[in-house]
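**Q** pasting a predicted model and its sequence here:
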Amino acid sequence: MHAPDAQSGLTSNAASATRTDARPLPLAGEGWGGGTPASLTDTPLLAVENLGKSFTLHLQGGLSLPVVAAVSFTVEAGECVALGGPSGAGKSSILKMVYGNYRVDQGSVQVADAGALVEVAGADPRLMLRLRRARIGYVSQFLRVIPRVSALDVVAAPLRAEGVDAETAKARAGALLARLNLPERLWGLPPATFSGGEQQRVNVARGFIGSQPLLLLDEPTASLDAANRAVVIDLIHEKKAQGCGLLGIFHDAETRDAVADRVVDVTRFSA
Ligand SMILES: Nc1ncnc2c1ncn2[C@@H]1O[C@H](COP(=O)(O)OP(=O)(O)OP(=O)(O)O)[C@@H](O)[C@H]1O
(Lines give C-alpha, C1' and ligand atoms only; values in the text may rest on other atoms or scores of the structure.)
Protein backbone atom coordinates (compact mmCIF):
# COMPACT_ATOMS: atom_id res chain seq x y z
CA MET A 1 0.00 0.00 0.00
CA HIS A 2 1.44 3.33 -1.01
CA ALA A 3 -1.39 5.74 -0.68
CA PRO A 4 -3.73 7.06 1.91
CA ASP A 5 -7.00 5.20 1.96
CA ALA A 6 -9.57 6.70 -0.33
CA GLN A 7 -12.92 6.30 1.30
CA SER A 8 -13.46 9.88 2.13
CA GLY A 9 -11.87 13.21 1.49
CA LEU A 10 -9.17 13.98 -0.99
CA THR A 11 -5.45 13.45 -0.90
CA SER A 12 -3.14 16.38 -1.22
CA ASN A 13 -2.73 15.58 -4.93
CA ALA A 14 -6.37 16.09 -5.70
CA ALA A 15 -6.89 18.78 -3.13
CA SER A 16 -4.07 20.88 -4.52
CA ALA A 17 -5.30 20.62 -8.10
CA THR A 18 -6.15 24.02 -9.47
CA ARG A 19 -7.12 23.25 -13.07
CA THR A 20 -10.53 22.00 -14.07
CA ASP A 21 -11.49 20.71 -17.50
CA ALA A 22 -15.04 20.05 -16.41
CA ARG A 23 -17.93 21.39 -18.41
CA PRO A 24 -20.90 23.06 -16.72
CA LEU A 25 -22.56 20.40 -14.63
CA PRO A 26 -26.06 19.47 -13.57
CA LEU A 27 -26.79 19.24 -9.87
CA ALA A 28 -26.21 15.99 -8.01
CA GLY A 29 -29.16 13.65 -8.48
CA GLU A 30 -29.82 14.75 -12.03
CA GLY A 31 -28.85 12.67 -15.02
CA TRP A 32 -27.83 9.04 -14.71
CA GLY A 33 -28.21 8.65 -10.97
CA GLY A 34 -31.55 10.40 -10.97
CA GLY A 35 -33.12 8.97 -14.10
CA THR A 36 -31.87 7.85 -17.49
CA PRO A 37 -30.01 4.53 -17.25
CA ALA A 38 -26.60 4.78 -18.92
CA SER A 39 -27.46 1.64 -20.90
CA LEU A 40 -29.86 3.81 -22.88
CA THR A 41 -27.03 6.00 -24.10
CA ASP A 42 -23.86 5.29 -26.08
CA THR A 43 -21.69 7.10 -23.56
CA PRO A 44 -19.29 4.81 -21.68
CA LEU A 45 -19.34 5.14 -17.91
CA LEU A 46 -15.57 5.58 -17.92
CA ALA A 47 -13.21 6.57 -20.72
CA VAL A 48 -9.48 6.51 -19.98
CA GLU A 49 -7.23 7.86 -22.73
CA ASN A 50 -3.45 8.07 -22.97
CA LEU A 51 -3.11 8.11 -19.21
CA GLY A 52 0.43 8.35 -17.84
CA LYS A 53 1.92 8.45 -14.36
CA SER A 54 5.35 8.66 -12.74
CA PHE A 55 6.16 9.06 -9.09
CA THR A 56 8.83 11.46 -7.86
CA LEU A 57 10.77 9.95 -4.98
CA HIS A 58 11.73 12.98 -2.91
CA LEU A 59 13.71 10.92 -0.41
CA GLN A 60 15.81 9.55 -3.29
CA GLY A 61 16.99 12.93 -4.58
CA GLY A 62 13.87 13.51 -6.67
CA LEU A 63 14.25 10.29 -8.66
CA SER A 64 11.42 9.82 -11.15
CA LEU A 65 9.78 6.39 -11.25
CA PRO A 66 7.70 5.93 -14.41
CA VAL A 67 4.78 3.58 -13.77
CA VAL A 68 2.35 3.58 -16.73
CA ALA A 69 2.05 5.36 -20.06
CA ALA A 70 -0.62 5.60 -22.77
CA VAL A 71 -3.26 3.73 -20.78
CA SER A 72 -6.49 3.66 -22.80
CA PHE A 73 -9.69 1.70 -22.19
CA THR A 74 -13.38 2.20 -21.50
CA VAL A 75 -15.91 0.71 -19.12
CA GLU A 76 -19.43 0.43 -20.46
CA ALA A 77 -22.71 0.12 -18.58
CA GLY A 78 -23.37 -3.41 -17.39
CA GLU A 79 -19.82 -4.71 -17.65
CA CYS A 80 -17.04 -5.54 -15.24
CA VAL A 81 -13.53 -4.84 -16.49
CA ALA A 82 -10.60 -6.34 -14.58
CA LEU A 83 -7.16 -4.74 -14.51
CA GLY A 84 -4.65 -7.57 -14.88
CA GLY A 85 -0.89 -7.89 -14.67
CA PRO A 86 1.78 -8.76 -12.12
CA SER A 87 2.43 -7.03 -8.82
CA GLY A 88 3.84 -3.56 -9.38
CA ALA A 89 2.44 -3.22 -12.92
CA GLY A 90 0.43 -0.16 -11.91
CA LYS A 91 -3.11 -1.51 -11.42
CA SER A 92 -3.80 0.28 -8.11
CA SER A 93 -2.23 3.46 -9.43
CA ILE A 94 -4.68 3.47 -12.36
CA LEU A 95 -7.63 2.91 -10.01
CA LYS A 96 -6.45 5.74 -7.76
CA MET A 97 -6.09 8.12 -10.70
CA VAL A 98 -9.66 7.32 -11.77
CA TYR A 99 -10.86 8.07 -8.24
CA GLY A 100 -8.84 11.29 -8.08
CA ASN A 101 -6.55 10.08 -5.31
CA TYR A 102 -3.44 10.22 -7.49
CA ARG A 103 -2.73 13.15 -9.75
CA VAL A 104 -2.85 12.37 -13.47
CA ASP A 105 0.43 13.34 -15.17
CA GLN A 106 -0.70 12.83 -18.77
CA GLY A 107 -3.91 11.99 -20.54
CA SER A 108 -7.52 11.98 -19.59
CA VAL A 109 -9.97 10.21 -17.27
CA GLN A 110 -13.59 10.94 -18.08
CA VAL A 111 -16.68 9.72 -16.25
CA ALA A 112 -20.27 9.79 -17.40
CA ASP A 113 -22.43 12.44 -15.86
CA ALA A 114 -25.88 13.21 -17.24
CA GLY A 115 -25.10 11.63 -20.60
CA ALA A 116 -21.89 13.63 -21.05
CA LEU A 117 -18.31 12.89 -20.07
CA VAL A 118 -16.68 14.95 -17.33
CA GLU A 119 -12.92 15.22 -16.89
CA VAL A 120 -11.50 13.90 -13.62
CA ALA A 121 -7.86 14.75 -14.38
CA GLY A 122 -7.24 18.07 -12.66
CA ALA A 123 -10.83 18.39 -11.46
CA ASP A 124 -11.25 20.79 -8.58
CA PRO A 125 -11.90 19.18 -5.17
CA ARG A 126 -15.56 20.21 -5.02
CA LEU A 127 -16.29 18.58 -8.37
CA MET A 128 -14.34 15.50 -7.34
CA LEU A 129 -16.31 15.16 -4.11
CA ARG A 130 -19.57 15.51 -6.00
CA LEU A 131 -18.51 12.91 -8.56
CA ARG A 132 -17.60 10.52 -5.73
CA ARG A 133 -20.94 11.03 -4.06
CA ALA A 134 -23.01 10.65 -7.21
CA ARG A 135 -20.98 8.84 -9.88
CA ILE A 136 -17.93 6.90 -8.67
CA GLY A 137 -17.98 4.41 -5.81
CA TYR A 138 -14.81 2.82 -4.47
CA VAL A 139 -14.06 -0.25 -2.40
CA SER A 140 -10.48 0.13 -1.20
CA GLN A 141 -8.38 -2.76 0.08
CA PHE A 142 -8.59 -1.67 3.69
CA LEU A 143 -11.25 0.06 5.72
CA ARG A 144 -10.41 3.51 6.97
CA VAL A 145 -11.94 3.41 10.41
CA ILE A 146 -13.45 6.49 11.92
CA PRO A 147 -13.22 6.57 15.74
CA ARG A 148 -16.55 6.13 17.58
CA VAL A 149 -18.61 5.61 14.40
CA SER A 150 -20.47 2.30 14.40
CA ALA A 151 -20.19 -0.23 11.56
CA LEU A 152 -23.87 0.39 10.76
CA ASP A 153 -23.31 4.14 10.41
CA VAL A 154 -20.11 3.64 8.38
CA VAL A 155 -22.10 1.55 5.89
CA ALA A 156 -25.16 3.82 5.90
CA ALA A 157 -23.10 7.00 5.31
CA PRO A 158 -23.09 6.94 1.47
CA LEU A 159 -26.89 6.63 1.44
CA ARG A 160 -27.24 9.48 3.92
CA ALA A 161 -25.01 11.55 1.61
CA GLU A 162 -27.44 10.76 -1.22
CA GLY A 163 -30.26 12.19 0.88
CA VAL A 164 -31.82 8.91 2.09
CA ASP A 165 -33.43 9.25 5.55
CA ALA A 166 -31.55 7.80 8.53
CA GLU A 167 -33.99 4.98 9.26
CA THR A 168 -34.08 3.68 5.68
CA ALA A 169 -30.30 4.03 5.31
CA LYS A 170 -29.69 2.05 8.51
CA ALA A 171 -32.19 -0.63 7.51
CA ARG A 172 -30.48 -1.09 4.16
CA ALA A 173 -27.05 -1.08 5.80
CA GLY A 174 -28.19 -3.79 8.22
CA ALA A 175 -29.61 -5.90 5.40
CA LEU A 176 -26.30 -5.72 3.53
CA LEU A 177 -24.23 -6.51 6.62
CA ALA A 178 -26.50 -9.49 7.33
CA ARG A 179 -26.02 -10.68 3.77
CA LEU A 180 -22.28 -10.44 4.27
CA ASN A 181 -22.63 -12.50 7.46
CA LEU A 182 -21.39 -9.82 9.83
CA PRO A 183 -22.81 -10.80 13.25
CA GLU A 184 -25.48 -8.35 14.42
CA ARG A 185 -23.73 -7.91 17.78
CA LEU A 186 -20.95 -6.06 15.90
CA TRP A 187 -23.15 -3.62 14.01
CA GLY A 188 -23.24 -1.03 16.82
CA LEU A 189 -19.47 -1.09 17.37
CA PRO A 190 -16.77 0.95 15.63
CA PRO A 191 -14.91 -1.44 13.28
CA ALA A 192 -11.41 -0.51 14.58
CA THR A 193 -11.11 -3.77 16.52
CA PHE A 194 -12.76 -6.00 13.90
CA SER A 195 -10.79 -8.77 12.20
CA GLY A 196 -9.39 -8.15 8.71
CA GLY A 197 -12.23 -10.07 7.07
CA GLU A 198 -14.89 -8.32 9.17
CA GLN A 199 -13.45 -4.91 8.27
CA GLN A 200 -13.37 -5.85 4.61
CA ARG A 201 -17.03 -6.84 4.71
CA VAL A 202 -17.91 -3.46 6.25
CA ASN A 203 -15.87 -1.87 3.47
CA VAL A 204 -17.62 -3.90 0.77
CA ALA A 205 -21.06 -3.06 2.21
CA ARG A 206 -20.15 0.65 2.30
CA GLY A 207 -18.99 0.51 -1.32
CA PHE A 208 -21.96 -1.42 -2.66
CA ILE A 209 -24.74 0.37 -0.79
CA GLY A 210 -24.56 3.57 -2.86
CA SER A 211 -26.14 4.07 -6.26
CA GLN A 212 -23.12 5.43 -8.12
CA PRO A 213 -23.11 3.99 -11.66
CA LEU A 214 -19.34 3.39 -11.72
CA LEU A 215 -17.77 1.22 -9.02
CA LEU A 216 -14.03 0.75 -8.50
CA LEU A 217 -12.94 -2.38 -6.65
CA ASP A 218 -9.42 -2.85 -5.26
CA GLU A 219 -9.22 -6.53 -4.31
CA PRO A 220 -12.64 -6.61 -2.65
CA THR A 221 -12.37 -10.30 -1.71
CA ALA A 222 -8.71 -10.46 -0.59
CA SER A 223 -9.42 -11.26 3.10
CA LEU A 224 -12.70 -13.12 2.67
CA ASP A 225 -13.59 -16.77 3.08
CA ALA A 226 -15.29 -18.72 0.29
CA ALA A 227 -18.84 -18.08 1.52
CA ASN A 228 -18.36 -14.31 1.69
CA ARG A 229 -16.46 -14.26 -1.62
CA ALA A 230 -19.57 -15.80 -3.15
CA VAL A 231 -21.73 -13.02 -1.66
CA VAL A 232 -19.43 -10.37 -3.18
CA ILE A 233 -19.60 -12.14 -6.55
CA ASP A 234 -23.42 -12.02 -6.34
CA LEU A 235 -23.33 -8.32 -5.41
CA ILE A 236 -21.14 -7.61 -8.46
CA HIS A 237 -23.56 -9.49 -10.74
CA GLU A 238 -26.45 -7.49 -9.29
CA LYS A 239 -24.67 -4.19 -9.97
CA LYS A 240 -24.02 -5.28 -13.56
CA ALA A 241 -27.67 -6.22 -14.00
CA GLN A 242 -28.63 -2.73 -12.77
CA GLY A 243 -26.49 -1.22 -15.55
CA CYS A 244 -23.52 -0.22 -13.41
CA GLY A 245 -19.99 -0.48 -14.74
CA LEU A 246 -17.25 -1.95 -12.55
CA LEU A 247 -13.49 -1.64 -12.80
CA GLY A 248 -11.64 -3.99 -10.48
CA ILE A 249 -8.43 -5.62 -9.39
CA PHE A 250 -8.93 -9.27 -8.47
CA HIS A 251 -5.86 -11.26 -7.51
CA ASP A 252 -8.10 -14.26 -6.88
CA ALA A 253 -8.44 -15.83 -10.36
CA GLU A 254 -11.66 -17.65 -9.45
CA THR A 255 -13.39 -14.39 -8.50
CA ARG A 256 -12.02 -12.63 -11.57
CA ASP A 257 -13.27 -15.40 -13.88
CA ALA A 258 -16.67 -15.30 -12.20
CA VAL A 259 -17.23 -11.55 -12.63
CA ALA A 260 -15.00 -10.07 -15.35
CA ASP A 261 -16.24 -9.56 -18.88
CA ARG A 262 -12.79 -8.41 -20.03
CA VAL A 263 -9.29 -8.17 -18.63
CA VAL A 264 -7.19 -5.12 -19.48
CA ASP A 265 -3.57 -6.24 -19.21
CA VAL A 266 -1.72 -3.34 -17.59
CA THR A 267 1.72 -4.63 -18.70
CA ARG A 268 0.78 -3.32 -22.16
CA PHE A 269 1.12 0.16 -20.69
CA SER A 270 4.39 -0.17 -18.81
CA ALA A 271 6.31 3.10 -18.95
N1 LIG B 1 2.59 6.69 -3.73
C2 LIG B 1 3.61 6.11 -4.36
N3 LIG B 1 4.86 6.62 -4.30
C4 LIG B 1 5.89 6.04 -4.94
N5 LIG B 1 5.78 4.95 -5.71
C6 LIG B 1 4.56 4.39 -5.82
C7 LIG B 1 3.41 4.94 -5.16
N8 LIG B 1 2.34 4.18 -5.47
C9 LIG B 1 2.79 3.21 -6.27
N10 LIG B 1 4.11 3.34 -6.49
C11 LIG B 1 4.95 2.48 -7.33
O12 LIG B 1 4.29 2.31 -8.55
C13 LIG B 1 4.42 0.98 -9.02
C14 LIG B 1 3.05 0.41 -9.27
O15 LIG B 1 2.39 0.23 -8.03
P16 LIG B 1 0.87 -0.24 -7.95
O17 LIG B 1 0.51 -0.34 -6.52
O18 LIG B 1 0.05 0.64 -8.83
O19 LIG B 1 0.98 -1.69 -8.62
P20 LIG B 1 -0.05 -2.88 -8.65
O21 LIG B 1 -0.03 -3.44 -10.03
O22 LIG B 1 -1.37 -2.45 -8.11
O23 LIG B 1 0.65 -3.88 -7.64
P24 LIG B 1 0.01 -4.97 -6.61
O25 LIG B 1 -0.65 -6.01 -7.47
O26 LIG B 1 1.23 -5.50 -5.89
O27 LIG B 1 -0.93 -4.23 -5.69
C28 LIG B 1 5.23 0.23 -7.98
O29 LIG B 1 6.55 0.15 -8.42
C30 LIG B 1 5.11 1.08 -6.75
O31 LIG B 1 6.26 0.99 -5.96
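**A** All right, it came through fine.
**Q** switch to C-alpha atoms for all contacts and neighbour counts from now on
**A** Noted.
**Q** contact partners of stretch 233-248?
**A** The contact list for stretch 233-248 (Cα atoms under 8 Å, 6 or more residues apart in numbering) reads 37-39, 45, 75-83, 95, 208, 212-219, 255, 258-259.
**Q** are any of those residues buried, and if so which?
**A** When these are checked for burial by 16 or more other Cα atoms under 10 Å, the buried set is 37-39, 45, 75-83, 95, 208, 212-219, 255, 259.
**Q** if we can go back for a sec, now intersect the contacts of stretch 233-248 with the strands, please.
**A** 75, 80, 81, 82, 83, 214, 215, 216, 217, 218 (DSSP state E).
**Q** contacting residues for the second one?
**A** Translated: residue 80. By Cα under 8 Å, 6+ apart, the neighbours of residue 80 are 240, 245, 246, 247, 248, 259, 260, 261, 262.
**Q** the last one against residue 78, yeah?
**A** No. Residue 262 lies out of contact with residue 78 (Cα atoms under 8 Å); the separation is 12.0 Å.
**Q** do a quick rundown of the strands in the stretch 51-200 of the chain.
**A** Along the stretch 51-200 of the chain, counting by DSSP state E, counting those that start in this stretch, strands occupy 63-75, 80-84, 106-113, 116-119, 136-139.
**Q** so which residues on the protein come close to the ligand?
**A** Counting by Cα under 6 Å from any ligand atom, the chain comes close to the ligand at 2, 3, 55, 67, 86, 87, 88, 89, 90, 91, 92, 93.
**Q** now render those residues as JSON lines, adding pLDDT and neighbour count.
**A** Below are the residues of the chain next to the ligand laid out as JSON lines (pLDDT from 0 to 100; neighbours: other Cα atoms under 10 Å):
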{"residue": "2", "pLDDT": "43", "neighbour count": "6"}
{"residue": "3", "pLDDT": "42", "neighbour count": "11"}
{"residue": "55", "pLDDT": "93", "neighbour count": "14"}
{"residue": "67", "pLDDT": "93", "neighbour count": "18"}
{"residue": "86", "pLDDT": "93", "neighbour count": "11"}
{"residue": "87", "pLDDT": "93", "neighbour count": "9"}
{"residue": "88", "pLDDT": "92", "neighbour count": "11"}
{"residue": "89", "pLDDT": "94", "neighbour count": "20"}
{"residue": "90", "pLDDT": "95", "neighbour count": "23"}
{"residue": "91", "pLDDT": "96", "neighbour count": "23"}
{"residue": "92", "pLDDT": "95", "neighbour count": "23"}
{"residue": "93", "pLDDT": "95", "neighbour count": "21"}
